[in-house]
Structures are given as structure tokens and as C-alpha cells.
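In: what follows is a predicted protein model with its sequence.
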Amino acid sequence: MSKLLLPRDYYLSQDVCYIAKNLIGKKLETHIDGHLTSGIIVETEAYRGPDDKASHSFNHRRTPRNESMYLEGGHSYIYICYGLHYLFNIVTAPKEIAHAVLIRALEPIDGIEVMMKRRKFHSLNNKLTKGPGALSVALGINKSLNAKRVYEEDSSIRILYSDFLLNSDDIACSKRIGVESAAEAAEYPWRFFIKNSKYVSAHKKIDSSN
């Protein structure tokens, strides 16, 4: 498995959908309390400020919760959903533009026993890292990892290239999940996932134009 980090410049593109799709097959890893845990990214969603009504940065909204979205691309943006789940996003684009990619699911690779312990699993199954809240628990992701640079060697949360074999036609797109109240933005096909992965969180209707 490759140990090459995605470079800082990778995240500065203003095409957040391109990055969301291109991150499929890359490797997310954490180094916490001496434990390495990782997985291959199999599902993402793009969020684009300020015109995307599903984005936390819609209409230039800026609060203590979403301040990390306004950092330069390559930083982590972690927030609590429904007061229960930490969700991990990667900020993209230059500083102040506030685009982000939500990582929705992983195929586990390293530290599976540690991930199972964190998830209180007694046997391995595909729910271990299936869904953004589940993968955060499995990888030990919480608010302490907010605003970290994912491209630095000594970072506790990083994104790397991988040797995962993937063709462009293996990736599908659909509407995003859980944004039904976002008017026309709820229809944007900005969710990307590996078609046949058992770790994908939900298999919504695929956009045939992809």
C-alpha cells in the first residue's frame, strides 16, 4: 500500500465535485494513542459554498461550528450531527471559499481490531465503517482532529494515495443523503461511490449521466 500523501495543492482546486469523485479509492488514516487505523474511501459527498443550500456555508453563513470550512483546502472540518455523531469532511479550494467533501464510508484496511473495539463489535462485518458516523468512531475521529492539515507527515489524520484498483466506470453518482430540505440543491448528483462496494452507506438511484 502506498505511503505517499496527497499534496497540499491537490486540495486547492475550486471544483469540489472533481475532488469528491477523485478521492474515491484514496486512503484515509488516523494515528491516535499509538494506533494506526485506516480505510479506502468508497463514498463521498461534495458541498459547495456559498450557493449550495445543503452546505453549512450557504449564503456565506459563518459560525463557530463551521469556521474550519473557511480555512485553506487540505484542512479537516469535523462537526457533530444530531448531537451524537462526529462527521469528517475535507476542506477544499483556497482560503475563505468554504467548499468541503464529506467522507461517508470506508473499506477498512489497517487496525481492524482497534476499530472493532472502538465500535464494540465482536465480529467483523461491513457496518464497521459504513456511514460517516460509524467511520468516525472506528477511526477515533472527534472534534480534537478538527482543523488539522491532512497532507502533513506528522498529522494525526491524513489522506494518502493507495494501490486500490479502480476504473472510472466503477464510480457512480447520485443525490446526496439527508439533504431533502435543501430545495433544488437536494437534487444535485454530488454523491460519489463505488458501485459494488458492500461498505457504501446506501445505494440510491444512480445518475446515468455520470
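Out: Thanks, I have the structure now.
In: now do the same contact list for the residue most central in space within the chain.
Out: The structure's the chain has its C-alpha centroid closest to residue 103; by Cα atoms, centre = their mean the separation is 1.6 Å. Residue 103 makes contact with 23, 28, 41, 43-44, 88-90, 132, 135, according to Cβ atoms under 8 Å, 6 or more residues apart in numbering. The way it works is simple: take the backbone N, C-alpha and C, and place the C-beta from them, glycine included.
In: ok, it to residue 138 distance?
Out: When distance is defined by Cβ to Cβ, to the nearest Å, residue 103 is 12 Å away from residue 138.
In: cool, and residue 125?
Out: Shown here: residue 125 relative to residue 138, a distance of 12 Å by Cβ to Cβ.
In: pick out whichever of these two has more residues nearby.
Out: Set side by side, residue 125 and residue 138 show more neighbours around residue 138, with 26 against 10, by other Cβ atoms under 10 Å.
In: what's the helix or strand for that one?
Out: Secondary-structure element containing residue 138, defined by DSSP states H and E: helix 132-139.
In: can you check residue 127 too?
Out: Here residue 127, judged by DSSP H and E, is contained in no helix and no strand.
In: show me what contacts the residue nearest to it when sequence neighbours are not counted?
Out: Leaving aside its chain neighbours, residue 127 sits nearest to residue 134 (6.5 Å; criterion: Cβ to Cβ, 6 or more residues apart in numbering). Residue 134 makes contact with 119, 127-128 under the criterion Cβ under 8 Å, 6+ apart.
In: ramachandran coordinates for residue 186?
Out: Main-chain torsions, residue 186, degrees, to the nearest 10: phi -70, psi -20.
In: list the residues that contact it.
Out: Residues in contact with residue 186 (Cβ under 8 Å, 6+ apart) are 53-54, 175-176, 179-180.
In: next one: residue 136
Out: 78, 85-88, 142 are the contacts of residue 136 under Cβ under 8 Å, 6+ apart.
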